[in-house]
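J.: curious how this folds, go ahead:
(2 chains)
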Protein chains: 2
Amino acid sequence: MKILTVGTVAFDAIESPFGKVDKIIGGAATYISWSASYYTKDLAIVSVIGGDYDMESLDRLRARGVDTAGIEIKEDEKSFFWSGRYHTDMNTRDSLDTQLNVLLSFDPKVPSSHRDAEILMLGNIDPTLQMKVIDQMKNPAFIVLDTMNFWMEIKLDALKEVIKRANLLTINDEEARLLTGEYSLKKASQKILAMGPQYLIIKKGEHGALLFSKDDMFFAPALPLEDVFDPTGAGDTFAGGLVGYLAQREEFTFEELKQGVIHGSMMASYCVESFGPQRLMELNDVMRMERLEEFRRLTKF
Amino acid sequence: MKILTVGTVAFDAIESPFGKVDKIIGGAATYISWSASYYTKDLAIVSVIGGDYDMESLDRLRARGVDTAGIEIKEDEKSFFWSGRYHTDMNTRDSLDTQLNVLLSFDPKVPSSHRDAEILMLGNIDPTLQMKVIDQMKNPAFIVLDTMNFWMEIKLDALKEVIKRANLLTINDEEARLLTGEYSLKKASQKILAMGPQYLIIKKGEHGALLFSKDDMFFAPALPLEDVFDPTGAGDTFAGGLVGYLAQREEFTFEELKQGVIHGSMMASYCVESFGPQRLMELNDVMRMERLEEFRRLTKF
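T.: Numbering: from 1, shown residues only, chains lettered A, B, ... in the order given. Model prediction:
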């Protein structure tokens, strides 16, 4: 199955207690695609970058099976840039700088060759743009929607329309509470599923992730690691592993979603071991299988 | 196997977003013993209470197989009293009032009939008193130690001596970080195990619990619930289910510890469903097995 990912392709500057990097490639679509590329070679991105972007990094994506024809290049503009700082508690971060640049006028166009993708992965961008992408697609089998508190606060109505169209929504625990007014994640999940999606994933960072359907519930832990160097992109890497796994399996049952959540968690556990997507670029099948086995041992009783 | 529990038998006053109770029986030894009583009838408590205590509640404990001969009654004094308030985030609470009363002069004496208990469960009290109890025992097979940040701050040396003697230490994530100066729980666990205990459990409240040995690691989730009414006693109920299970199995391997952690989590998931130990007093085997099955479904993949 083909996966079309819509999301940012960007530069990041990151500080954590373990060091800092001034300019590194990032953006949701970068992490999602790198992660999914370990599961399928039928991938495409719709995004926008400036003439300043690291074009060699797009070559590397293409070598992984990612069609980049849908990445619009605005030669005279600058790429989206985000800068942030993590504290000892890696679950919280300060945004130091956000330069939207090319994103300000982003009007996503899905190349006709990508409109038949079976899986549509909507990275965290303006819900109005996410809806524009959905409307260009030919009836995708499975739509995954990522979003954040920012859109709940300023574009809730547009976001709700997109949520209605999604098969799976991924948000974090605070966002689930914000969206529903329910503190209990179990109650929040039922309210969100009533908005339309068949499945919901609530991400809890170092505390793992919960998968909900109307009738069922599954919990995937995060693997306790010696050190977390940089959590940037962990959520997107998680989503990439999940959709990659689903594309390989070509099924969207709760059982397959469960396995997908474990694969996503496994990929994310590697992502945080270095700055940016670096670690994610050097994995192999043996490493991935070994870590899946660690997840299995961690919870099997 | 016989379990001897040392810890408070007390009155609590509790406020949570779901209501409040002015005076309810509580204390670590109460929760531990009620929880363990679903696994074994060979139980005993060493504690101290005032003449004001609810003596009928001791009858109920005895009816559950708990020998209360080691609970000293100081007729002219008042029982230990704690009052606290939980916020929407049930992981944090404010202590409103702590009246040590009988605890001020507590000098634990283990009746000779209890000195041969195979499992010694040291509830959270002054580590000097915990050591006094250890010294009165005849070579127990398994010592479980619960403690808290307060003792790390004011009696660290005495606490370290007790930790050295314990087979299993149970603390929460913040306490593991405080005790070791390591943010990573994996690194913290290795430092703590080097202090003496064979096993370590790091409790993370609504985020579950981690079990560590030098070579292995296991994660038990907390069951997502519709509502958490009152987390008071959840950690003690967890410990009670764990030692109860171990007493029944008569083995202390990592595999048995894993099962014990799941049993403890299951018992704790019931405890938080009402104020005080009330819910814990009305369980039966069918309810317990049903919820164990929920835990199994929650993480099995």
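
J.: separation between A:Phe295 and A:Glu226?
T.: As for A:Phe295, its distance to A:Glu226 is 16 Å (criterion: CB to CB, to the nearest Å). All C-beta spots, glycine's among them, are computed from the backbone N, C-alpha and C.

J.: so these two - more neighbours on which side?
T.: A:Phe295 (20 against 11; other CB atoms under 10 Å in any protein chain shown).

J.: if I look at the more buried one, how far off is B:Met217?
T.: From A:Phe295 to B:Met217 the distance is 11 Å (CB to CB).

J.: what residues are up against the nearest residue to A:Leu43 once chain neighbours are set aside?
T.: The shortest distance from A:Leu43 to any non-neighbouring residue, by CB to CB, 6 or more residues apart in numbering or on different chains, is to A:Val66 (4.4 Å). Residues in contact with A:Val66, defined by CB atoms under 8 Å, 6 or more residues apart in numbering or on different chains, are A:Ser33, A:Ser37, A:Leu43, A:Ala44, A:Ile45.

J.: work out for me the element A:Gly235 sits within.
T.: In the assignment (DSSP states H and E), A:Gly235 maps to helix A:234-249.

J.: next, the angle from whatever helix or strand comes next after that helix to helix A:234-249.
T.: Remark: after helix A:234-249, the chain's next helix or strand is helix A:254-271, criterion DSSP H and E. Here the directions of helix A:254-271 and helix A:234-249 differ by 140 degrees (axes from the mean of the first three to the mean of the last three CA atoms, to 10 degrees).

J.: quick check: mean pLDDT across helix A:254-271?
T.: The predicted model assigns helix A:254-271 a mean pLDDT of 98.

J.: now that helix: buried residues?
T.: For helix A:254-271, the neighbour count (16 or more other CB atoms under 10 Å in any protein chain shown) marks A:256-271 as buried.

J.: ok, and the closest non-adjacent residue to the residue most central in space within chain A?
T.: The centroid of chain A falls nearest to A:Asp236 when counting by CA atoms, centre = their mean (2.5 Å). Spatially, and ignoring its direct neighbours in sequence, A:Asp236 is nearest to A:Tyr31 (3.6 Å; CB to CB, 6+ apart).

J.: gap between the one you found and chain B?
T.: 23 Å (CB to the nearest CB, to the nearest Å).

J.: elements contacting the helix holding A:Gly235?
T.: Here helix A:234-249 touches strand A:3-6, helix A:28-36, strand A:119-122, strand A:142-146, strand A:168-172, strand A:199-203, helix A:254-271, going by 3 or more CB pairs under 8 Å, 6 or more residues apart in numbering or on different chains; DSSP states H and E.

J.: please redo it, this time with the cut-off set to 6 Å
T.: Packed against helix A:234-249 by the contact rule (3 or more CB pairs under 6 Å, 6 or more residues apart in numbering or on different chains; DSSP states H and E) you find helix A:28-36, strand A:119-122, helix A:254-271.

J.: which residues does the first one contact?
T.: Where contact means CB atoms under 6 Å, 6 or more residues apart in numbering or on different chains, the residues beyond helix A:28-36 that reach it are A:3, A:5, A:7-9, A:43, A:45, A:47, A:66, A:121, A:123-124, A:233, A:236-237, A:239-241, A:243-244, A:267, A:277, A:280.

J.: what's the pLDDT at A:Asn91?
T.: Reading off the model, A:Asn91 has pLDDT 73.

J.: my guess is it meets A:Lys203, correct?
T.: No. Counting by CB atoms under 6 Å, A:Asn91 does not reach A:Lys203; the two are 10.7 Å apart.

J.: now stretch A:131-147: buried residues?
T.: A:131-134, A:136-137, A:140, A:142-147.

J.: what's the local residue count around the closest residue to A:Ala10 other than its chain neighbours?
T.: The spatial neighbour of A:Ala10 that comes closest, neighbours along the chain excluded (CB to CB, 6+ apart), is A:Gly27 at 3.5 Å. By other CB under 10 Å, 27 other residues sit near A:Gly27.

J.: any idea how far A:Gly27 is from chain B?
T.: 28 Å.

J.: can I assume that residue is in contact with A:Thr5?
T.: No. Assessed by CB under 6 Å, A:Gly27 is found out of contact with A:Thr5, at 10.4 Å.

J.: leaving out the residues flanking it, which one is nearest to the residue in the stretch 51-200 of chain A that chain B sits nearest to?
T.: Residue nearest to chain B within the stretch 51-200 of chain A (CB to the nearest CB): A:Lys186, separated by 4.5 Å. Spatial nearest neighbour of A:Lys186, excluding adjacent residues (CB to CB, 6+ apart): B:Pro224 at 4.5 Å.

J.: now that neighbour: which helix or strand?
T.: With DSSP H and E as the test, B:Pro224 turns up in no helix or strand.

J.: over to the one 3 residues further on?
T.: In this structure, B:Asp227 sits in neither a helix nor a strand according to DSSP H and E.

J.: quick one: contacts for it?
T.: A:Ser184.

J.: quick one: pLDDT of it?
T.: For B:Asp227, the predicted pLDDT is 88.

J.: which parts of the stretch 101-250 of chain A sit against chain B?
T.: A:Tyr183, A:Ser184, A:Leu185, A:Lys186, A:Lys187, A:His207, A:Phe219, A:Pro221, A:Pro224, A:Glu226, A:Asp227 (CB under 6 Å from any CB of the partner chain).

J.: buried subset of those residues?
T.: Judged by 16+ other CB under 10 Å, buried ones among those: A:Tyr183, A:Ser184, A:Leu185, A:Lys186, A:Lys187, A:His207, A:Phe219, A:Pro221, A:Pro224.

J.: what about the residues you listed, which are in helices?
T.: Residues from these lying in helices, with DSSP state H as the criterion: A:Leu185, A:Lys186, A:Lys187.

J.: possible to save those residues as TSV with pLDDT?
T.: Formatted as TSV, these follow (pLDDT from 0 to 100):
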residue	pLDDT
A:Leu185	96
A:Lys186	97
A:Lys187	97
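
J.: and A:Lys160, how close does it get to A:Asp12?
T.: From A:Lys160 to A:Asp12 the distance is 30 Å (CB to CB).

J.: who has more neighbours, these two?
T.: More neighbours surround A:Asp12 than the other of A:Lys160 and A:Asp12, with 24 against 14 (other CB under 10 Å).

J.: next, the contact list for the residue lying closest to the more buried one once chain neighbours are set aside, please.
T.: Once flanking residues are discounted, A:Asp12 sits nearest to A:Gly26: 3.7 Å by CB to CB, 6+ apart. Counting by CB under 6 Å, 6+ apart, A:Gly26 touches A:Ala10, A:Asp12, A:Gly276.

J.: inside strands: which ones of those?
T.: Among the contacts of A:Gly26, the members found in strands (DSSP state E) are A:Ala10, A:Asp12.

J.: ok, residues contacting stretch A:104-112?
T.: Contacts for stretch A:104-112 (CB under 6 Å, 6+ apart): A:Val6, A:Val46, A:Val48, A:Ala69, A:Gly70, A:Leu129, A:Lys132, A:Val133, A:Gln136.

J.: just confirm the fourth one is within a helix.
T.: Meaning A:Ala69. No. Counting by DSSP: H, G, I helix; E, B strand; the rest coil, A:Ala69 falls outside a helix, being strand.

J.: who's in contact with it?
T.: Shown in contact with A:Ala69 (CB under 6 Å, 6+ apart): A:Pro111.

J.: so for it, what's the pLDDT?
T.: 97.

J.: how close does it get to A:Ala44?
T.: Relative to A:Ala44, and taking CB to CB, A:Ala69 is found at 7 Å.
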